Structure formats: C-alpha cells, structure tokens
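K.L.:
Sharing a model that was predicted from the sequence below.
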Amino acid sequence: MIGRLIGSVCQRVPSSSYRGSLMMKPQVVFVLGGPGAGKGTQCSKIVENYSYTHLSAGDLLRAERAREGSEFGQLIANYIKEGKIVPVEITINLLKKAMEDTMDKDAKKFRFLIDGFPRNEDNLEGWNKVMEGAADVKFVLFFDCGNEVCINRCLERGKSSGRTDDNRESLEKRIQTYLQSTRPIIELYEKHGKVRTIDASRSVDEVFADVKAILDKED
Ligand code: ADP
Ligand code: C5P
Ligand code: MG
C-alpha cells in the first residue's frame with residue numbers, strides 16, 4: 001500500500017493549469033529530519049543564498065492555531081503537544097494556500113522548500129491527492145541526526161522558543177512519531193533515489209557546506 005504512494009509522486013504529470021501559461025509549475029524540495037535536526041536553521045540559510053521560498057508545515061500549523069476564529073485551533077494545539085501529526089486535510093490546505101499566495105505576489109517565486117512535510121503516510125496521500133501534477137517534487141533533503149542530539153537541541157531551544165512541545169515529555173513522543181511514521185516515508189523516497197542525506201549532527205556551517213554542494217549540483 002505505502003509502496004504505491006511514492007510511484008505516483010515520481011511520475012511527471014503535465015499540469016494543464018500551468019502548461020501553456022506563463023506561470024511556472026512549482027518546484028518543491030521536501031525537507032525532513034528529526035525534531036531539532038536543524039531543518040529550519042538550514043532552510044533560512046538556503047533562502048539567503050538561493051531563490052527558494054521556505055514554507056514550514058509546523059510554522060503554518062502554529063499560525064493557524066493562533067488565528068482568531070480558526071475552527072482547528074484547539075485540535076492543532078492538542079496534536080502539537082502530543083507530538084502527533086495533524087490530519088493532512090488541514091495541513092495541505094495551509095501549504096497550498098501559502099504556495100499560491102507566494103506565486104500570486106511574484107510568479108518568479110516558484111521554488112519551494114517544504115519543511116517538515118510529508119511526515120507520515122496520511123501527509124503523503126494528501127499531497128498526492130491535492131498537488132500531484134500541480135507541482136514537481138525534485139528530491140528530499142534529509143537532515144540525519146541522532147535522537148539524543150535532536151532532543152538536546154530542542155531542550156536548549158525550549159529555553160526561549162515558547163513552544164509547547166520543546167519539553168522532554170513532548171519530545172519523547174515526537175521522536176517516536178518521527179521513528180514510526182516519518183522514517184518510513186524517507187525510506188520510501190530513498191528507494192526511488194530521491195533522498196539527499198546530510199549528516200546534521202555537525203556545526204551549522206559544516207552542514208550548510210554539504211547543503212550547498214547538493215543544491216549547486218541539482219540546480
Ligand atoms: P528543526 O527545524 O529541525 O526542528 P531548528 O533549525 O529549529 O530545527 O534547530 C533546533 C535548535 O538547534 C535551534 O535552537 C537551533 O538554533 C539549533 N541548531 C540548529 N542547527 C544546529 C547545529 N548544526 N548545531 C547546533 N545547534 C543547531
Ligand atoms: O516541524 P515542527 O517541529 O515545527 O513541527 C511541530 C509539530 O507540528 C509536529 O510535532 C506536529 O505535531 C505538527 N506537524 C504536523 N504535520 C506536519 C508538520 C508538523 O502535524 N506535516
Ligand atoms: Mg523547524
């Protein structure tokens with residue numbers, strides 16, 4: 001079942017909505033790794049150096065949680081604290097809207113780093129359902145980092161982040177979710193030669209040197 005999901009992601013389906021128009025089809029790099037692996041940090045550095053727009057699924061969910069009148073606020077808050085993955089119907093709409101808003105403002109901004117997505121099978125199914133044919137997934141940038149390093153970075157971040165999930169109890173759940181739900185997605189892409197793995201346990205600059213080498217080769 002899960003094996004079939006990726007096949008469709010790899011397929012290049014011409015998009016009638018972009019073909020023939022001046023609008024470029026969005027080019028997407030999925031950014032994955034454990035909590036605290038440095039996804040956000042490295043995405044910020046990529047944005048400074050390359051023409052990518054950074055969309056963090058976690059940031060979009062936190063913004064929706066905080067949005068006055070959101071019907072999903074409480075659900076998102078509960079899922080985040082428990083380290084669980086929010087149903088994709090919510091997340092995919094936030095991502096799609098953010099991509100559309102970006103391209104509506106500036107059609108040249110068609111390259112996206114989608115950080116923290118797809119994190120489980122439900123996420124991937126939702127992507128395929130809504131975005132397949134409308135965007136090309138180029139590859140997955142995988143920040144590989146040991147669990148202990150990840151936990152310690154998040155605990156350190158928790159001293160100032162104000163995040164409800166940067167505490168030991170939530171982190172243990174987040175690591176379990178990562179191992180049980182996200183790693184299989186990364187492995188699925190790996191089987192299709194779509195994963196670029198980086199040792200993310202090193203310094204920010206050392207990690208970014210590898211990121212640059214990958215992006216320079218891919219572009
Ligand atoms: P993620 O988005 O993967 O959860 P972040 O980029 O937010 O991770 O980084 C988590 C914490 O670790 C932040 O406080 C960040 O400053 C710090 N950090 C990020 N990359 C490194 C690194 N290579 N070495 C040490 N600390 C890092
Ligand atoms: O990526 P980040 O660490 O910001 O994600 C924080 C939390 O947001 C996750 O632990 C999860 O509860 C939620 N999330 C989600 N689905 C995603 C990305 C994040 O439910 N695709
Ligand atoms: Mg992050």
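P.N.:
Yep, that arrived. Ligands and ions are numbered 1, 2, ... in the order given.

K.L.:
residues touching the closest residue to ligand 2 within the chain, list them.
P.N.:
Residue nearest to ligand 2 within the chain (CB to the nearest ligand atom): Gly58, separated by 2.0 Å. All C-beta spots, glycine's among them, are computed from the backbone N, C-alpha and C. Taking CB atoms under 8 Å, 6 or more residues apart in numbering, we find Gly58 in contact with Ile80, Asp115, Gly116.

K.L.:
and the residue lying closest to the first one once chain neighbours are set aside, what pLDDT?
P.N.:
I take that to be Ile80. What sits nearest to Ile80 in space, not counting adjacent residues and going by CB to CB, 6 or more residues apart in numbering, is Asp165, at 5.4 Å. Listed pLDDT for Asp165 reads 98.

K.L.:
again, but for Leu55
P.N.:
For Leu55, the predicted pLDDT is 98.

K.L.:
does it sit in a helix, a strand or a coil?
P.N.:
strand (DSSP: H, G, I helix; E, B strand; the rest coil).

K.L.:
low-scoring stretches of the chain, by residue?
P.N.:
1-4, 6-22 (pLDDT under 70).

K.L.:
for it, what spans make up the strands?
P.N.:
For the chain, applying DSSP state E gives strands covering 27-33, 53-56, 111-115, 136-144, 195-199.

K.L.:
how about JSON lines for these, with distance to Asp219 added?
P.N.:
Shown next, in JSON lines, are these (distance: least, CB to CB, whole Å):
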{"stretch": "strand 27-33", "distance to Asp219": "10"}
{"stretch": "strand 53-56", "distance to Asp219": "15"}
{"stretch": "strand 111-115", "distance to Asp219": "9"}
{"stretch": "strand 136-144", "distance to Asp219": "10"}
{"stretch": "strand 195-199", "distance to Asp219": "13"}
